[in-house]
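In: My questions concern the predicted model and sequence given below.
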Amino acid sequence: MNALLHHAPVLLVAVPLLGAFAVPLVGKLGSGLRRFFVGLIALLTTAIAGYLAASFYAAGASPIVYVLGGRLSLPSGMVAPIRIMFELDGLSVFMMLITALAALAAVLYTSSFWKERSGATLKDSLMLLLIVGIFGMEMTGDLFNFFVFLEITSIAACSLVGFRVWNGRSQEAAFKVMTLYTLSGLFVLLAVGLLYGQYGGLNIAYLATMIGSGAALVDKIALGLLLTGLAMKAGAVPMHMWAPDAYGEAPGAASILLVANSQASLYGLFRVLFTLYGSAYSPQSLAWILIGLAVLTIIVGVTMALVQRDLKRLIAFGAVSQIGYMMLAVGVGFAAMTALQPSDFGFVALQGGLFHMINDAACIGLLFLAAGIVIRRAGTRDLQGMGGIAHDLKWTTAFFMLGAFALAGMPPLNGFASKLMIYESTFRLSPVLAIVAILASILLLAVFLRAFQAAFLGPRTEPTDVMRPVPISMLVSMGLLALVVVAFGLFPGFFVDRIVTPAAQALWSGRDAYIQAVMSGMGG
Amino acid sequence: MTGITTGFGAWNPIAWLLLFLGVVAGALFLRRFGNKQYKKNTGQTKVFLSGNEEPEASALHVRGAHLYWGFVDGLSAYYRRVRALHTGLLSDYVALFVGTLGVVLIVLVLSR
């Protein structure tokens, strides 16, 4: 058993990958067995992620390097490393926990949602593949493998967006997402190629040591390609146009995985900025690019949410605005870290931004899952045609309200704690930016009050769905996310100290430890 | 364990919750001194709409598209421009993506 657990990093990718390909076979034996199998895979994956995280924190949060493969000796005497390397530092483990939470919630929710619909086997396979890709992006220590996992997430995500083949809008959204994701992947691949051509390696730690001697023009072009490509996949304005289409058309459970996917791209961006380039090339202009994109994302996201009539698009624009908060916090952290005299508020900004990632996954996830039930019940996504849902769906109403209040930053829920850290640290850099962030948050509350008032309050409308009461697995799934919202809100210090601070440290001062751990792992 | 410090201040949700419960208890206590002599289901408890009859509940529900119309109308110049960007055309999406890359590359190449 211990030997098996030693391979936990690769199992975290291998278990859902094998599960994804086994689902069609198991599905032949019956839909009940298929749902049980997918649930088992999700539980097993979550357990592995939990074990990895527990061992990581118990060992003092030092980076873990896992190498799959070895050295190839050629007859000419040349020795070449042929292997896949996973690397886990505080940031990777933190992201892994977010993905595990989203994966478990999505699989639990979807087991009932698609019970009576066709294509459920394919949907389960695609969801597991998306989970594989996200975990891989978060754990790999190799830039080319990062690209491969990025492509896996892109293919699975596009397919999930266009999964409802009977719906023309889904097909259109999937086509748009596919084109933009492909372009983003090409940008990343071009950057990887440039760096490989320049330094002859693909390992992130190795490249970090090479760029350490000072950024050449090629490094700057590669950085621009990586930054833009990953910011687009994260949903930063003005490259966010795909997000409302994708979130709006994907099934409810897939939407929460798309949120985790966007956050994995954001993780990639942070890894590139802080670890790959880090102190070697960190001009203040780079921080201000991030902050500029973040402010645009916050303002456009929240104001566009205000005028949406489609409930899922409204939540999607809300999700876009939250990506802005994360980018703002990390931009402020980057600006403080790279200033002539680094300031401590930068570390608080990083803590706030990272803490907001897990809070956002729980809140937005809760909203998307609740919206899935509401839309099915009302038979429309148009807020104009909804009303009185609260009369019949009391738990769903409570979960939606909880998610909306938390996302808007109402105390004492989790969104308030992370946003407070972002506001106060941003204020130290620029009071104007903090004021913009606070006003946007107030506006977001207005957005969700509008959605709540329109969909849940008022007299009953005629239900169009036979699904009543809401299946227990859906309630459990939303309950899981609600528990995170409340627990992280009431005990923020507990979670910040244990899981957020090691992640922030990995960005703030963990570059050398990352390089050291991986480079020594390469020799073994 | 419960609270966090932000370097500028601190936040303790349990303390906030206790304070909130205290305020709620105080409000309920004050409510006890209210007048209980009103007559239910009479004009005393009806919504007063300038003397007009209160409409049915179904007629009172403000639909989703109608809320905040004044706010949105006030920002119509802004919304005209932002909505114009959301054309739904893939070629426009790609143009914005590539345009952003161009701006980022110019800034990075010119930065030291």
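Out: Sure, I can see it. Numbering: from 1, shown residues only, chains lettered A, B, ... in the order given.
In: Just the strands from chain B, written as ranges.
Out: In chain B, the strands defined using DSSP state E lie at B:4-5, B:10-11.
In: quick one, domains of chain B?
Out: Domain assignment for chain B by automatic domain parsing gives B:1-35, B:74-112.
In: Let's have those in TSV, adding mean pLDDT and distance to chain A.
Out: The way it works is simple: take the backbone N, C-alpha and C, and place the C-beta from them, glycine included. TSV is the format used below for the domains of chain B (pLDDT from 0 to 100; distance: least, C-beta to the nearest C-beta, whole Å):
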stretch	mean pLDDT	distance to chain A
domain B:1-35	90	4
domain B:74-112	93	4
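In: quick one on the thing from earlier: point out the most buried one among the strands of chain B.
Out: strand B:4-5 (a mean of 20; mean count of other C-beta atoms under 10 Å in any protein chain shown).
In: Off-centre distance for that one?
Out: 26 Å (C-alpha atoms, centre = their mean, to the nearest Å).
In: Dump the strands of chain B into JSON lines; add distance to B:W69 as well.
Out: Compiled in JSON lines, the strands of chain B are given as follows (distance: least, C-beta to C-beta, whole Å):
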{"stretch": "strand B:4-5", "distance to B:W69": "39"}
{"stretch": "strand B:10-11", "distance to B:W69": "36"}
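In: Out of those, flag the one nearest B:L110.
Out: Taking C-beta to C-beta, strand B:4-5 is the member of the strands of chain B nearest to B:L110, at 38.8 Å.
In: Tell me the helices and strands packed up against that closest one.
Out: On a contact count with 3 or more C-beta pairs under 8 Å, 6 or more residues apart in numbering or on different chains; DSSP states H and E, strand B:4-5 meets helix A:414-429.
In: right, and the helix or strand after the helix it packs on?
Out: helix A:431-456 (DSSP states H and E).
In: could you give me the average pLDDT of that next one?
Out: Averaging pLDDT along helix A:431-456 yields 94.
In: what do you get for stretch B:55-64?
Out: 71.
In: what does that stretch contact?
Out: A:309, A:382-384, A:386-388, A:450-451, A:453-455, A:457-459 (C-beta atoms under 8 Å, 6 or more residues apart in numbering or on different chains).
In: switch to 10 Å and redo it
Out: A:308-311, A:314, A:382-388, A:450-451, A:453-455, A:457-461, B:47, B:49, B:54, B:69 (C-beta atoms under 10 Å, 6 or more residues apart in numbering or on different chains).
In: Among these, which ones are in helices?
Out: A:311, A:314, A:450-451, A:453-455, B:69 (DSSP state H).
In: tally of neighbours for the residue of chain A found nearest chain B?
Out: Of all residues in chain A, A:L383 sits closest to chain B, at 2.6 Å by C-beta to the nearest C-beta. Counted with other C-beta atoms under 10 Å in any protein chain shown, residues neighbouring A:L383 total 24.
In: just the one 4 residues further on next, same as before
Out: The local packing of A:G387 (other C-beta under 10 Å) involves 23 other residues.
In: So what's the residue count around B:V62?
Out: 14.
In: and if you look at B:H61?
Out: 18.
In: Find the nearest non-adjacent residue to it, please.
Out: A:G458 (3.1 Å; C-beta to C-beta, 6 or more residues apart in numbering or on different chains).
In: same check, this time on A:Y109
Out: A:S477 (3.9 Å).
In: isn't A:A378 right next to A:A390, touching?
Out: No. Under the criterion of C-beta atoms under 10 Å, A:A378 is not in contact with A:A390, lying 12.0 Å apart.
In: Report the mean confidence score over the longest helix seen in chain A.
Out: Taking DSSP H as the assignment, the helix of chain A that covers the most residues is helix A:345-378. Helix A:345-378 shows a mean pLDDT of 94.
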